[in-house]
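**Q** Predicted coordinates and the sequence they were generated for:
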Amino acid sequence: MLKNLWVTTIAIMMMVMMTHAATAKQVFRVGMGDAIDSDQGAMAKQFKHLVETLSNDEIEVELFPNGALGTETEMLQNTRRGTLDMAFIGIGNAVPFVKELGTLTMPYLIENHYDAIKSTTGGLGAHWDTLSQEKGGFRILGWTYSNFRYITNSVRPVAKLADVKGLKIRIPQNKIIMATLKSWDANPVPMAWSETFTAMQQGVVDGQENPYIVNYTMKFHEVQKYITEVHYQYSLQPLIVGVKSWNKYDQKTRDLLTRAGIEAQQYCIAFQILEADKAKQGMIEAGMQVNTLDDEEQWKKLAIDSVWPEYYDFIGGKQNLDMVLKALGKM
C-alpha cells in the first residue's frame, strides 16, 4: 500500500514538473548602453514587442538600459561568452574583435541615411554579419540608426573650422574619431560615457559629440550651449547575439529572432527620421544654439586626407573601404 502511494506521489510530482517546464517562459536579457527613451531604446522596445508577440508570449525579453549590465565592451564580451543573451553596442566597440567593422566609422564615408542603410543591408549587411560570426563570435540581428555625431560645446559657437581649434571634446575610445578631431586641431579627450555629463558640468571637457536624440535624452542641453551639425560620422549600433547562445536555440527561435531584428531595424530608421527633429527643437527651446557649416568641404577634405590613408590597416585593408565606396556609388 505504502509502495503504491509512493509511486503515485512520484508520478504526480513528475507530471507537475513536466507541466511547469512546458509552460515556463524563455527569457532573454538584453543589455543597452543608452537610456530607454533614446533611439537605441526605441529599437529595443520594438524588438521586445515583436519577439513577445511573435512567440505568443512564450518568450520574454528583459531590457537593461543605461549600462545596467556593464559597459558596452563588457556586454559584448559577455554575449561572446554566452553569459548575456543580447546587447546593443556602438560599432566602434566591436572593432577590436572584428577590425573590418571599423570601415563603417571612417569619416565622411556615410553621408546620409541612404548611405547608412545601404552600408548595413543586402550584401554588405550579410558580409558584416559573416565576419562578426567568424572573427568576433557574435551575430548581428539588426542595426540601430542613430544619425550623425554632432559636436556640442559650452565655450563658443562653432560655425567654421577655426572655431573648433583647441576645444576639449569628449570622445569614446575610438582611434578614428580621435584622429579625425585632431585633423581639425581640436583636442579630443577619450572618456567613459558614465563620466561625460559631470565632466562637462565641471568644465573638465568643453563638449562632446553625439546625435540629436542622444544629446536631448541625456539632457546635455543643461550643461552645453552650442551644437554644430557636422556630418563626419554616422552612429551605428548593432544588436548582437553570441554565436554560443545562437547555437543552442532551435530553428523556430532563430527564425523568430531574425525576423524581429529585421523589423525592429526598419522601425528604427523611421523613428530616427521622425524623432531627431523633435529632439533638435527641444534643445533649441531649452536654449541651445544650432550652427551649420559653410566650410564643411574643408572639414571633409582634412579628415579624409589625414585619416583614410593612415587607417587602412586598422580596418583590415583598403579593399574594405573600396568595397563600401563601390556599393555606395562613390568610387
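**A** Alright, I've got the coordinates.

**Q** starting at the chain centroid, how far to the lengthiest helix in the chain?
**A** For the chain, the longest helix by residue count, based on DSSP state H, is helix 251-285. The chain centroid and the centroid of helix 251-285 are separated by 12 Å under Cα atoms, centre = their mean, to the nearest Å.

**Q** now do stretch 43-54
**A** In terms of Cα atoms, centre = their mean, the centre of stretch 43-54 is found 17 Å from the chain centre.

**Q** same deal with stretch 53-67?
**A** Between the centre of stretch 53-67 and the centre of its chain there are 18 Å (Cα atoms, centre = their mean).

**Q** Next: stretch 127-135.
**A** Counting by Cα atoms, centre = their mean, stretch 127-135 comes out at 17 Å from the chain centroid.

**Q** So which elements touch the strand or helix carrying residue 51?
**A** In this assignment (DSSP states H and E), residue 51 forms part of helix 39-54. Here helix 39-54 touches strand 26-31, strand 59-64, strand 86-88, strand 138-148, strand 234-242, helix 251-285, going by 3 or more Cβ pairs under 8 Å, 6 or more residues apart in numbering; DSSP states H and E. Any C-beta I mention is one placed from the backbone N, CA and C, and that applies to glycine too.

**Q** any idea which residue sits dead centre in this structure?
**A** Computing the C-alpha centroid of the chain and ranking residues by Cα atoms, centre = their mean puts residue 237 first, at 1.9 Å.

**Q** From residue 177, how far out is the closest residue to it other than its chain neighbours?
**A** The spatially closest residue to residue 237, leaving aside those adjacent along the chain, is residue 144, at 3.9 Å (Cβ to Cβ, 6 or more residues apart in numbering). Applying Cβ to Cβ, to the nearest Å, the value for residue 144 to residue 177 is 18 Å.

**Q** Kindly report the same for residue 73.
**A** To residue 177, residue 73 is 16 Å away according to Cβ to Cβ.

**Q** For the two, indicate the residue with more neighbours.
**A** Shown here are residue 73 and residue 177; by other Cβ atoms under 10 Å, residue 177 has more neighbours (22 against 17).

**Q** Excluding chain neighbours, what is closest to residue 40?
**A** Excluding its sequence neighbours, the residue lying closest to residue 40 (Cβ to Cβ, 6+ apart) is residue 34, at 4.1 Å.

**Q** before we move on, back to that, please point out which parts of the helix holding residue 51 sit buried.
**A** Residues of helix 39-54 classed as buried: 39-48, 50-52, 54 (neighbour count, 16 or more other Cβ atoms under 10 Å).

**Q** and if you look at stretch 105-119?
**A** Here stretch 105-119 shows 105, 106, 107, 108, 109, 110, 113, 115, 116, 117, 118, 119 as buried, counting by 16+ other Cβ under 10 Å.

**Q** Adding distance to residue 269 and pLDDT, write those out as CSV.
**A** As requested, the buried residues of stretch 105-119 are exported to CSV (distance: Cβ to Cβ, whole Å; pLDDT from 0 to 100):
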residue, distance to residue 269, pLDDT
105, 19, 96
106, 21, 98
107, 22, 98
108, 20, 98
109, 18, 98
110, 13, 97
113, 7, 95
115, 12, 97
116, 8, 97
117, 6, 96
118, 12, 97
119, 12, 97
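
**Q** which one of these sits closest to residue 136?
**A** residue 105 (15.4 Å; Cβ to Cβ).

**Q** how about the nearest residue to the closest one, chain neighbours excluded?
**A** Here the nearest residue to residue 105 in space, its sequence neighbours aside, is residue 176; by Cβ to Cβ, 6+ apart that works out to 4.9 Å.

**Q** Centre of the chain to the strand or helix carrying that neighbour, how far?
**A** Assessed by DSSP H and E, residue 176 sits inside helix 175-183. The chain centre lies 19 Å from the centre of helix 175-183; the measure is Cα atoms, centre = their mean.

**Q** Which strands or helices does the helix or strand where residue 126 lies pack on?
**A** Following DSSP H and E, one finds residue 126 within helix 122-131. Contacts defined by 3+ Cβ pairs under 8 Å, 6+ apart place helix 122-131 against strand 138-148, helix 318-327.

**Q** can you do 7 Å?
**A** On a contact count with 3 or more Cβ pairs under 7 Å, 6 or more residues apart in numbering; DSSP states H and E, helix 122-131 meets strand 138-148.

**Q** This completes my enquiry, with thanks.
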